[in-house]
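Colleague: Structure of the sequence below:
(one chain, ligands or ions: 5)
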Amino acid sequence: MSRAADRLKVVLNHLDRSHDAVRASFTSAQNVSYHHHPQSLQYTFDTDVLTQEQIIAYEENGFILIRNLVSEEDIDRFKNEFERICKREVKVPGLTVMKDVSIAKSEFVEGEKAVTKLQDYQEDPELFRYCVLPQILKYVECFTGPNIMAMHTMLINKPPDTGKKTSRHPMHQDLHYFPFRPADRIVCSWTAMEKVHRENGCLVVLPGSHRGSLQEHDYPEWEGGVNKMYHGVRNYDPNHPRVHLEMEKGDTVFFHPLLIHGSGMNQTNGFRKAISCHYASGDCYYIDVNGTTQENISNEVKDLASRKFGADDSVTFADTWAIRGRLVQGDRISM
Ligand SMILES: CC(C)CC(=O)SCCNC(=O)CCNC(=O)[C@H](O)C(C)(C)COP(=O)(O)OP(=O)(O)OC[C@H]1O[C@@H](n2cnc3c(N)ncnc32)[C@H](O)[C@@H]1OP(=O)(O)O
Ligand SMILES: Nc1ncnc2c1ncn2[C@@H]1O[C@H](COP(=O)(O)OP(=O)(O)OP(=O)(O)O)[C@@H](O)[C@H]1O
Ligand SMILES: O=C(O)CCC(=O)C(=O)O
Ligand SMILES: [Fe+2]
Ligand SMILES: [Mg+2]
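Modeller: Ligands and ions are numbered 1, 2, ... in the order given. Next up, the predicted model:
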C-alpha cells in the first residue's frame with residue numbers, strides 16, 4: 001500500500017472508534033444528529049500539509065488551532081491600516097464600519113474606540129494581504145481544495161463592554177449567513193491580533209458541533225440589546241460543554257461553518273482585535289434560501305443592501321455574496 005493510503009487507513013480507523021465518544025457528549029437538547037460513519041475523510045483533503053493528528057482533530061472537532069502562523073510584522077501592518085481607516089485617512093469602497101449597539105445608541109465616540117468591526121475589506125489591498133498569505137492558503141486548501149474564493153472579510157475590534165453585555169457575540173453557525181454550499185468546502189480562518197483570553201472575550205466553541213445540521217437562528221433575548229445581525233442559535237443550552245480558545249498574537253484557528261461558536265464579554269479596558277476571512281471552494285454553488293431557516297438573515301441583508309447601495313428587488317441574497325467574493329487561488333468555477 002502507498003504511504004498516503006496507509007496514512008488514510010490509520011486516520012479512518014481512529015475516527016471510527018472515537019466518533020461514538022463524541023456523539024455521546026452531545027445532549028439531545030442541542031438537536032444535533034449524526035449519521036457520519038467515515039468511509040473516507042469528509043471534512044479534509046490529505047495533501048501532506050496536515051499531520052495525522054490535525055486531520056483527526058478537524059474531522060472530530062471541526063477546528064484546528066495553528067500557533068504562531070502570522071508574523072508580528074504582518075499583524076502590526078493590519079493594525080496600522082485599521083487605525084488609518086478609523087481616522088478616515090483612507091476610504092475603502094464597500095467597507096462596512098460597525099459600531100457596538102450600546103455605543104452607537106448612547107455616547108458620541110470618535111475613531112477606533114467606536115468601531116466594533118470592519119466588514120468587507122476586500123478592496124483594501126493592505127488588509128486583503130491577510131487573505132492571500134501563503135501560509136494561510138496552504139491550510140485553507142486542505143478544506144476547500146485548490147480553487148479558493150475569499151468570500152467574507154472582517155477585522156473585529158471587540159470593545160470593552162459598556163456594562164450592557166453587548167460586546168458578546170451569541171453562539172452561532174456561520175453557515176446561517178451563507179447561501180452557498182457545500183458546507184464542507186467552506187472554512188473560516190481567524191487570527192488573533194493580540195493575546196486573546198477569557199477576560200477579553202476569546203472565541204468559545206462547541207467541539208464536534210460541525211457534524212450537526214444548520215440550526216434555526218434568531219436574535220437572542222438579551223436585556224441590554226444585541227448588535228445588528230448578531231443572530232444566535234435558538235434554544236442555546238448554556239450548560240453544553242464548550243472550549244475557550246485562548247490564543248497568542250499570530251495564532252490562527254481554522255473552523256468549519258457549522259461549528260457552533262461565539263465570544264464572551266470583553267471585561268478588560270482594551271479592544272480585542274482579530275482578523276478573519278471566510279473561504280469557499282471556487283466549485284461551490286449558490287442556493288435559494290427562501291423557505292429555509294436562512295430566510296430571516298437573507299431579508300435583513302437585502303434590506304441593508306437596498307438602503308446602503310440602493311439595490312432593488314432583483315438583487316438576491318446570493319448576489320450580495322457574489323459581488324464581494326474574490327478569487328485568491330485556482331479557478332472561479334461556479335461562484
Ligand atoms: C459569518 C459572519 C457574516 C457573521 C457576522 O459577521 S454577524 C454580524 C454581521 N454584521 C453585519 O453585517 C454588520 C451590520 N451592521 C451594519 O451594517 C451597520 O453597522 C448598521 C447597523 C447599518 C449601522 O450603520 P450606520 O447606518 O452607518 O450607523 P449609524 O451610526 O448611522 O446608525 C444608524 C442606526 O443604526 C443603529 N445602529 C448602529 N449600530 C448598530 C448596531 N451595531 N446594532 C444595532 N443598531 C445599530 C443606530 O443606533 C441608528 O439607529 P437609529 O438612531 O436610527 O434608531
Ligand atoms: N442565550 C444565549 N444565546 C446564544 N449565545 C449565548 C447565550 N448566552 C451566552 N451566549 C454565548 O456564550 C458564549 C460564552 O459567553 P459568556 O458571556 O458566558 O462568556 P464566558 O467566556 O463564559 O465568560 P465568563 O468567564 O464570564 O463566564 C458567548 O459566545 C456568548 O455570547
Ligand atoms: O471575533 C469574534 O468575536 C467572533 C466573530 C464571529 O464569530 C463572526 O463574526 O462570525
Ligand atoms: Fe462566526
Ligand atoms: Mg460565562
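Colleague: For the closest residue in space to residue 256 that isn't next to it in sequence, give me its contacts.
Modeller: Excluding the flanking residues, the one nearest residue 256 by CB to CB, 6 or more residues apart in numbering is residue 210, at 3.8 Å. Placement of C-beta: from N, CA and C, glycine included. The neighbourhood of residue 210, defined by CB atoms under 8 Å, 6 or more residues apart in numbering, consists of 43, 61-63, 255-259.
Colleague: So which of these are in strands?
Modeller: Among these, the ones falling in strands (DSSP state E) are 63, 255.
Colleague: would you list the contacts of residue 210 in JSON lines and tack on neighbour count and distance to ligand 1?
Modeller: Shown next, in JSON lines, are the contacts of residue 210 (neighbours: other CB atoms under 10 Å; distance: CB to the nearest ligand atom, whole Å):
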{"residue": "43", "neighbour count": "22", "distance to ligand 1": "18"}
{"residue": "61", "neighbour count": "22", "distance to ligand 1": "19"}
{"residue": "62", "neighbour count": "24", "distance to ligand 1": "15"}
{"residue": "63", "neighbour count": "24", "distance to ligand 1": "15"}
{"residue": "255", "neighbour count": "25", "distance to ligand 1": "11"}
{"residue": "256", "neighbour count": "25", "distance to ligand 1": "12"}
{"residue": "257", "neighbour count": "23", "distance to ligand 1": "8"}
{"residue": "258", "neighbour count": "22", "distance to ligand 1": "12"}
{"residue": "259", "neighbour count": "25", "distance to ligand 1": "11"}
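Colleague: Centre-most residue in this protein?
Modeller: residue 188 (4.4 Å; CA atoms, centre = their mean).
Colleague: from what I can see it touches residue 278, true?
Modeller: Yes - proximity of residue 188 to residue 278 meets the contact threshold set by CB atoms under 8 Å, at 4.9 Å.
Colleague: who touches both of these two?
Modeller: Joint contacts of residue 188 and residue 278 (CB under 8 Å, 6+ apart) are 174, 257.
Colleague: Pull up the gap between the residue nearest to residue 256 and ligand 1, please.
Modeller: From residue 210 across to ligand 1, the span is 14 Å (CB to the nearest ligand atom, to the nearest Å).
Colleague: near ligand 2, which residues of this protein?
Modeller: For the chain, the contact set with ligand 2 under CB under 6 Å from any ligand atom comprises 168-171, 198, 204, 220, 232, 236, 238, 244, 262-265.
Colleague: Show me those that map onto strands.
Modeller: Members of the residues of the chain next to ligand 2 lying in strands (criterion: DSSP E): 169-171, 204, 232, 244, 262-263.
Colleague: Name the SS class of the nearest residue to residue 229 once chain neighbours are set aside, please.
Modeller: Residue nearest to residue 229 in three dimensions, not counting chain neighbours: residue 300, with 6.0 Å by CB to CB, 6+ apart. Following DSSP: H, G, I helix; E, B strand; the rest coil, residue 300 is assigned to helix.
Colleague: Of the ones in strands among the residues of the chain next to ligand 2, select the buried ones using a PyMOL command.
Modeller: Per 16 or more other CB atoms under 10 Å, the buried members of those correspond to this PyMOL selection:
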select buried, resi 169+170+171+204+232+262+263
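Colleague: For the ones in strands among the residues of the chain next to ligand 2, work out which two are farthest apart.
Modeller: Pairwise distances among these were taken by CB to CB; the largest, 17.4 Å, belongs to 232 and 244.
Colleague: The lengthiest helix in the chain - contacts with which helices or strands?
Modeller: If you go by DSSP state H, the chain has its longest helix at helix 3-24. Contacts defined by 3 or more CB pairs under 8 Å, 6 or more residues apart in numbering; DSSP states H and E place helix 3-24 against helix 52-61.
Colleague: I'd guess residue 97 is in a helix, am I close?
Modeller: No - looking at residue 97 with three-state DSSP, it is strand, so not inside a helix.
Colleague: who's in contact with it?
Modeller: Contacts of residue 97 by CB under 8 Å, 6+ apart are 85-86, 115, 117-118.
Colleague: again, only using 10 Å
Modeller: Contact analysis of residue 97 by CB atoms under 10 Å, 6 or more residues apart in numbering lists 85-86, 88, 114-119.
Colleague: so how many other residues sit close to residue 67?
Modeller: Residue 67 is flanked by 9 other residues according to other CB atoms under 10 Å.
Colleague: Roughly how far does it sit from residue 177?
Modeller: The gap separating residue 67 from residue 177 is 28 Å, by CB to CB, to the nearest Å.
Colleague: do residue 193 as well
Modeller: From residue 193 to residue 177 the distance is 22 Å (CB to CB).
Colleague: Of those two, which one has the most company?
Modeller: residue 193 (24 against 21).
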